[in-house]
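>>> I need the structure of the sequence given here:
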Amino acid sequence: MKGIIFSEFLELVEDTFGLEVCQEMLDENLDEGSYTSAGTYDHKDLVKLIVSLSKLTNISIEDLQQVYGKSVFTSLLKSMPGLEVNSSTTFEFINQVEEYIHIEVKKLYSDAKPPQFVFVSLSESEMVLDYISARCFSHVCFGLIQGCAEYYNEKIDIQMNPIQEDGSQVRFTLKML
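Numbers count the residues shown, from 1 in each chain. Have a look, this model is predicted:
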């Protein structure tokens, strides 16, 4: 997992919960918190940080992932200059993820393993897609979709239904409101 994901997570924790909570979370995991944007790190280290933060704040792991996903959308968008000009709606943007964004990420970082989106159906008012990832960060994906809709100033109902019990495949149904 790319370091930008870790750096953005630590920034969110510090901004939301303060430096002391951020440091306590890092200390519990014997983590120095030194991540470079281009570096590659084990996603399990992020999971450990999220679990610790959940214990420290009494906020569910799922809710923390969702808030993180929503907050990181704009930063990730900025990390790929020119991308936002290729779409004017949430659906258009999400439609680019598999065919453009993930391909560009793999070009930039040959070791990257982004999640896969399999599109089931698409109309003007509804999009159905499957999120597939061994990392099981579907709640982060949920938050990213929320962040995307907010960016495009659209109201979207998001339903998330697991296909695999372990969370490695989840179906999202998005409906324009």
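>>> When you work out contacts or count neighbours from here on, use the C-alpha atoms and nothing else.
OK.
>>> Please go through the protein and pick out the longest helix.
When the chain is parsed with DSSP state H, its longest helix is helix 61-78.
>>> list the buried ones in it?
For helix 61-78, burial by neighbour count (16 or more other CA atoms under 10 Å) applies to 61-62, 64-73.
>>> Not counting its own residues, what contacts the first helix or strand past it going along the chain?
The first helix or strand that comes after helix 61-78 along the chain, using DSSP states H and E, is helix 90-96. Helix 90-96 has contacts (CA atoms under 8 Å, 6 or more residues apart in numbering) with 84, 86-87, 127, 145, 148-149, 152, 154.
>>> where do the helices sit along this structure?
Assigned by DSSP H, the helices in the chain fall at 3-17, 19-28, 43-57, 61-78, 90-96, 102-108, 138-151.
>>> tell me which strands and helices the second one is in contact with?
If you count contacts as 3 or more CA pairs under 8 Å, 6 or more residues apart in numbering; DSSP states H and E, helix 19-28 packs onto helix 3-17, helix 43-57.
>>> Contacts only, for the residue nearest to residue 176 when sequence neighbours are not counted.
Among residues not flanking residue 176 along the chain, residue 156 sits closest, at 4.6 Å (CA to CA, 6 or more residues apart in numbering). Counting by CA under 8 Å, 6+ apart, residue 156 touches 146, 149, 174-177.
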